[in-house]
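Chemist: quick one, structure for this:
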Amino acid sequence: MLNIEAIRAQFPALHRQVAGQPAVFFDGPAGSQVPQSVADAVSHYLLHVNANTHGSFVTAHESDAMLAEASQAGADLVGATDPDEITFGANMTTLTFALSRAMAQTWSKGDQILCTRSEHDANVSPWLLAARDAEVEVQFVPMRDDTTLDLDALDELLSDRTRLVAVGAASNATGTRHPIATITAKAHAHGAQVFVDAVHFAPHALMDVTAWGCDFLACSAYKFFGPHVGLLWGRREFMEALPAYRVRPASNEIPDRWMTGTQNHEGIAGTIAAIDYLASLANTDESLSRRQALALAFEEIKQHETPLLQRLMTGLAELEKITVWGIRDPARLAERLPTVSFTHADHTPLAIAQKLGERGIFVWDGNYYALEVTQSLGLEPDGMVRVGLLHYNTEREVEHLLGALRALG
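Modeler: I've put the predicted structure just below:
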């Protein structure tokens, strides 16, 4: 099991106090805190390297080596075998807009794109706008009442006209996990490609593009304890063939053809440190590969997060005026991540977030850009209160939250 005290000691932010009490960071779905090792990696690059690439001097060589290592680390994180399939950018949203613009050039009028009602808008708007430009139809896979995706409806929507299915590995609003391997198999049976938004999934469970069979995947390092950097994986055959928008002097080889312009080198250095931090949680010997260590680390993360989720769900179920949205059945908690959104019969989500914030408990309110979710659930414009548990959170913090909610009446 994870040594939580040792883990928390690595995160300077977790020592912060509000009104004389330790701050409780349940805002992880919007951005996790970072360990000291990540900040040190960013600082080291800026202070001791800080050069552009492909120069004939030592700091340029060091930058080239760092970027190569980052590609390998990214491949290890997502389960890819080819590090050149990893692209870095500003964030998942920016990378997805760039990819969607390129993919739209390959679509024709009459083609079809499928999104889902369970998505963050970063996995909707890029495809809506690209489809608009290409005069392509967009349809949505609906959610069931428990916020799982209606796969029967997916079967009905898929056709030989379908070019892309865009789906999240997990909902950033309800925590619901989606069966990516099953969805990919259904899409591929109709010749469609699959794009996976794994931003919310990444800090909780092991991504595996090989097992899932998808064609593209994007995530953001600032959700898995790193800096504000986006990561995109795409199959070599597609990343080489798609018409990337780039400046003329830039290399046409992957991944450079997708990373035109000077990248956030210090952030990418910090991303390596974030991935290595995750791998270090396995407490294994050095004979294991980074990928093997990550697989063990995420098993340990699951073992820590699951009891916290169970306690939170049990405690919320005891509060009559609170409604949890999403999977609530204790026997089905494996189908969700430890992200819980709820509403209160007497208080708006904003009012609850403000009251909790005054007590040093950090939660989010609103729709968290998951507009399709809150619209489908009839929860606009106020949205929900979202509590996001991460592996650095504790049972004491969960009890503190439940006590504060009880005090609301």
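
Chemist: can you give me the helices in this protein?
Modeler: Assigned helices in the chain, in chain order: 4-9, 36-48, 58-78, 92-104, 125-134, 151-157, 180-188, 209-212, 236-241, 265-280, 290-317, 349-358, 371-376, 395-407 (criterion: DSSP state H).

Chemist: so what's the gap between the third one and the chain middle?
Modeler: What separates the centre of helix 58-78 from the centre of its chain is 21 Å, taken as Cα atoms, centre = their mean, to the nearest Å.

Chemist: any idea which of the helices of the chain is most buried?
Modeler: For the helices of the chain, average neighbour numbers computed from mean count of other Cβ atoms under 10 Å are highest in helix 265-280, which has a mean of 24. In this view, the C-beta of every residue, glycine as well, is placed from N, C-alpha and C.

Chemist: residues contacting that helix, please?
Modeler: Residues outside helix 265-280 that contact it (Cβ atoms under 8 Å, 6 or more residues apart in numbering) are 10, 34-35, 37-42, 44-46, 49-50, 63, 66-67, 69-70, 73-74, 76-77, 88, 221, 224-229, 231, 290, 293-294, 297-298.

Chemist: and that helix, how far out from the chain middle?
Modeler: Centroid separation between helix 265-280 and its chain, computed with Cα atoms, centre = their mean, is 16 Å.

Chemist: what angle do helix 36-48 and that helix make with each other?
Modeler: 150 degrees (axes from the mean of the first three to the mean of the last three Cα atoms, to 10 degrees).

Chemist: how about helix 265-280 as CSV, C-alpha atoms only?
Modeler: In CSV, the C-alpha atoms belonging to helix 265-280 read as follows (Å, rounded to 0.1, in the frame of the first residue of the first chain):
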residue,chain,number,x,y,z
HIS,A,265,10.7,22.7,-22.9
GLU,A,266,10.7,23.4,-19.2
GLY,A,267,7.2,22.0,-19.0
ILE,A,268,8.1,19.0,-20.9
ALA,A,269,11.0,18.4,-18.6
GLY,A,270,8.6,18.6,-15.7
THR,A,271,6.3,16.1,-17.5
ILE,A,272,9.1,13.5,-17.5
ALA,A,273,9.4,14.1,-13.8
ALA,A,274,5.7,13.7,-13.2
ILE,A,275,5.7,10.4,-15.1
ASP,A,276,8.7,9.2,-13.1
TYR,A,277,7.0,10.3,-9.9
LEU,A,278,4.1,8.1,-10.7
ALA,A,279,6.4,5.2,-11.5
SER,A,280,8.2,5.7,-8.2
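
Chemist: give the rounded mean pLDDT of it.
Modeler: Confidence over helix 265-280, taken as the mean pLDDT, stands at 98.

Chemist: repeat that for stretch 299-309.
Modeler: Predicted confidence along stretch 299-309 averages 98 (mean pLDDT).

Chemist: what does stretch 362-377 give?
Modeler: When the per-residue pLDDT values of stretch 362-377 are averaged, the result is 98.

Chemist: okay, how far is it across stretch 183-196, tip to tip?
Modeler: Using Cα to Cα, to the nearest Å, the end-to-end distance of stretch 183-196 comes out at 10 Å.

Chemist: mind listing residues that contact that stretch?
Modeler: Contacts of stretch 183-196 (Cβ under 8 Å, 6+ apart): 96, 99, 114, 123, 149, 151, 154-155, 158-160, 162-169, 180, 209, 212-218, 238.

Chemist: hmm, back to that, got CSV for the helices of the chain, with distance to F201 too?
Modeler: Shown next, in CSV, are those (distance: least, Cβ to Cβ, whole Å):
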stretch, distance to F201
helix 4-9, 20
helix 36-48, 20
helix 58-78, 11
helix 92-104, 12
helix 125-134, 18
helix 151-157, 18
helix 180-188, 9
helix 209-212, 11
helix 236-241, 21
helix 265-280, 13
helix 290-317, 10
helix 349-358, 24
helix 371-376, 16
helix 395-407, 22
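
Chemist: so for M143, which of the ones you listed sits nearest?
Modeler: With Cβ to Cβ, the closest approach to M143 among the helices of the chain belongs to helix 371-376: 5.7 Å.

Chemist: who's in contact with the closest one?
Modeler: Counting by Cβ under 8 Å, 6+ apart, residues outside helix 371-376 touching it are 115-119, 121, 124, 140, 142-143, 147, 171, 173-174, 367, 380, 383-384.

Chemist: okay, and which of those map to strands?
Modeler: With strands taken from DSSP state E, the overlap with the contacts of helix 371-376 comprises 115-116, 140, 384.

Chemist: just the buried residues of those.
Modeler: 115-116, 140, 384 (16 or more other Cβ atoms under 10 Å).

Chemist: tabulate those residues (a markdown table), appending distance to A353.
Modeler: Shown next, in a markdown table, are these (distance: Cβ to Cβ, whole Å):
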| residue | distance to A353 |
| --- | --- |
| C115 | 28 |
| T116 | 27 |
| F140 | 29 |
| M384 | 10 |
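
Chemist: mind listing what R8 touches?
Modeler: With contact set as Cβ under 8 Å, 6+ apart, R8 has these partners: 14, 392, 394.

Chemist: let me see the domain layout of this protein.
Modeler: 4-35+289-407, 40-278 (automatic domain parsing).

Chemist: what is the end-to-end distance of the longest one?
Modeler: The separation between the terminal residues of domain 40-278, taken as Cα to Cα, is 16 Å.

Chemist: do stretch 154-162 as well
Modeler: Start and end residues of stretch 154-162 are separated by 11 Å (Cα to Cα).

Chemist: average pLDDT for that stretch?
Modeler: 98.

Chemist: least trustworthy helix or strand in this structure by mean pLDDT?
Modeler: Among the helices and strands of the chain, strand 21-22 carries the lowest confidence by mean pLDDT, DSSP states H and E, at a mean of 92.

Chemist: show residues contacting it.
Modeler: With Cβ under 8 Å, 6+ apart as the criterion, strand 21-22 contacts 14-16, 359-360.

Chemist: direction included, what does it pair up with?
Modeler: Taking DSSP bridges as the criterion, strand 21-22 sits next to strand 17-18 (antiparallel) in its sheet.

Chemist: and the contacts of the partner strand?
Modeler: Outside strand 17-18, the residues within contact range by Cβ under 8 Å, 6+ apart are 23, 359-360.

Chemist: top of those by number of neighbours, please.
Modeler: By neighbour count, taken as other Cβ atoms under 10 Å, the most surrounded of the contacts of strand 17-18 turns out to be A23 (20 neighbours).
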